[in-house]
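**Q** show me the folded form of this:
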Amino acid sequence: MATNENLPPNVIKQLTRELKSLDETPPEGIKVGVNDDDFSTIYADIEGPAGTPYENGVFRMKLILSRDFPHSPPKGYFLTKIFHPNIATNGEICVNTLKRDWTPSLGLRHVLIVVRCLLIEPFPESALNEQAGKMLLENYEEYARHARLYTGIHALKPKPKFKAGAISESTAALNLDQTSSVCSIDPKNAVSGVVGPTPLAPSLNTMKGGSGQDHPTTGANLSPTVEIGVSSGSGAALAPMVTQKKECGLVKAQADKKKIDARKKSLKRL
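**A** Predicted coordinates for the structure are as follows:
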C-alpha cells in the first residue's frame, strides 16, 4: 500500500494546502476525501449536474498521483459505474487535462472541476466507451436513456439538503447559554420531587446583578419559551421551580459555611 513516504516532502506540503482549501471551500457539487496516511490517492464524490442524465446521482472517483507529481498528471478513474463516452468500462477517464494539456501549475481543484464539466459536455470524438460515443452522436435520447438507467442503478443517492437555518432553528433551544445559568442542582443535594429545568426552556431562576445580589425575575424578563407546558397563573406549575431556587440558596449557604470554618481553623493555627 502506498504511503506518504512515497511522495517527496515538497509534494506532500503542496497537497496539504490544496486539500485544506478543497475542504474549506469545496467546488460546487464536489466533495473530496483523503486518507491522511496516503496522499497518493485522492477520492471525490461528484454530484451529477442538473439537466443531465446523471442528475440525482453521486459518482465516486479517484485520482492516483505518481511520485513525480505535479510534473506528471494524475490518473483518474470512476469507481461508480457510469455510461459516458469519455469514461471506459473499467472507470478510466479520458480528458485532455489529464494528458496533453497537463501543466504542473494545474491543481487538484482544476482537475475535479474539469471532470464534473465532462458530465455536462461529453466529447464523443475521443470516446473510450465507443457504444456511448456512437449513441450520443446518432441518437441522443437513446444515449440519455442508457445514462439515466446506469445512474439509477449504480450511482449513490445524494444526501437531502436542508434549507438554510433549518437546523439552527430546530436546535437553538438546545444551545442554552451556560453563563446565564445562576445555579445548578447537584444530584447529591437534590430533594425528592424537585423538577429540574427542561432542555428546551430555562427555569424560572433568579437573575444576579453585578453586585452579586439576587433580583427576582419579573414577568417582563421571562423568555417566551418558559411558558412551554406551563399554563398562565398556575402556581402548581411554578412550585417545583421555587423549590429549586430554595435548594440553590441552601447549597450556597452550605458552601459559605465551609469557607468560614476553614478560615477559623487557619486563624487557630496562627
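**Q** and the end-to-end length of stretch 127-144?
**A** Counting by C-alpha to C-alpha, to the nearest Å, you get 16 Å between the two ends of stretch 127-144.
**Q** got the buried residues for it?
**A** By neighbour count on 16 or more other C-beta atoms under 10 Å, the buried set for stretch 127-144 is 127-129, 132-133, 135-136, 143-144. No exception for glycine: its C-beta is placed from N, CA and C like everyone else's.
**Q** now do stretch 147-166
**A** 147-148, 150-151, 155.
**Q** try stretch 112-126
**A** 112-116, 118-119, 122, 124.
**Q** quick check: the nearest residue to Lys81 once chain neighbours are set aside vs Val58, distance?
**A** Spatial nearest neighbour of Lys81, excluding adjacent residues (C-beta to C-beta, 6 or more residues apart in numbering): His154 at 4.1 Å. With distances taken as C-beta to C-beta, to the nearest Å, His154 is found 10 Å from Val58.
**Q** between these two, which contacts overlap?
**A** Thr80 (C-beta atoms under 8 Å, 6 or more residues apart in numbering).
**Q** so for the closest residue to Ser72 other than its chain neighbours, what's the pLDDT?
**A** Spatial nearest neighbour of Ser72, chain neighbours left out: Ser66 (5.4 Å); criterion: C-beta to C-beta, 6+ apart. On the pLDDT scale, Ser66 is placed at 88.
**Q** my read is Ser66 is in a helix, agree?
**A** No: using DSSP: H, G, I helix; E, B strand; the rest coil, the assignment for Ser66 is coil, not a helix.
**Q** follow-up on the earlier one: and the buried residues of stretch 112-126 as CSV, adding secondary structure, pLDDT and distance to Ile93?
**A** Converted to CSV, those look like this (DSSP: H, G, I helix; E, B strand; the rest coil; pLDDT from 0 to 100; distance: C-beta to C-beta, whole Å):
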residue, secondary structure, pLDDT, distance to Ile93
Leu112, helix, 96, 11
Ile113, helix, 96, 13
Val114, helix, 96, 10
Val115, helix, 96, 6
Arg116, helix, 97, 11
Leu118, helix, 96, 8
Leu119, helix, 97, 11
Pro122, coil, 95, 12
Pro124, helix, 92, 15
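**Q** quick one: the strands in the protein?
**A** Remark: strands assigned in the chain by DSSP state E are 30-35, 38-47, 58-64, 75-78, 207-208, 214-215.
**Q** just checking, Ile12 touches Leu19?
**A** No: look at Ile12 against Leu19 with C-beta atoms under 8 Å: they stay out of range, at 10.3 Å.
**Q** excluding chain neighbours, what is closest to His146?
**A** Nearest non-adjacent residue to His146, counting by C-beta to C-beta, 6+ apart: Phe83, 4.9 Å away.
**Q** got the phi/psi numbers for that neighbour?
**A** phi -100, psi 100 (degrees, to the nearest 10).
**Q** likewise for Glu28?
**A** Dihedral angles (degrees, to the nearest 10) for Glu28: phi -60, psi 130.
**Q** the residue lying closest to Glu92 once chain neighbours are set aside pairs with what?
**A** Counting by C-beta to C-beta, 6+ apart, Tyr77 is the residue found nearest to Glu92 once chain neighbours are left out, at 5.8 Å. Beta bridges link Tyr77 to Lys62, Glu92, judged by DSSP bridges.
**Q** got a list of what Tyr77 touches?
**A** By C-beta under 8 Å, 6+ apart, the contact list for Tyr77 reads 61-62, 64, 90-93.
**Q** 10 Å instead, please
**A** Neighbouring residues of Tyr77 by C-beta atoms under 10 Å, 6 or more residues apart in numbering: 41, 60-64, 87-88, 90-93.
**Q** Ala144 - nearest residue in space that isn't next to it in sequence?
**A** In this structure, Ala144 finds its nearest non-sequential neighbour in Pro53, 4.5 Å apart by C-beta to C-beta, 6+ apart.
**Q** great, nothing more from me.
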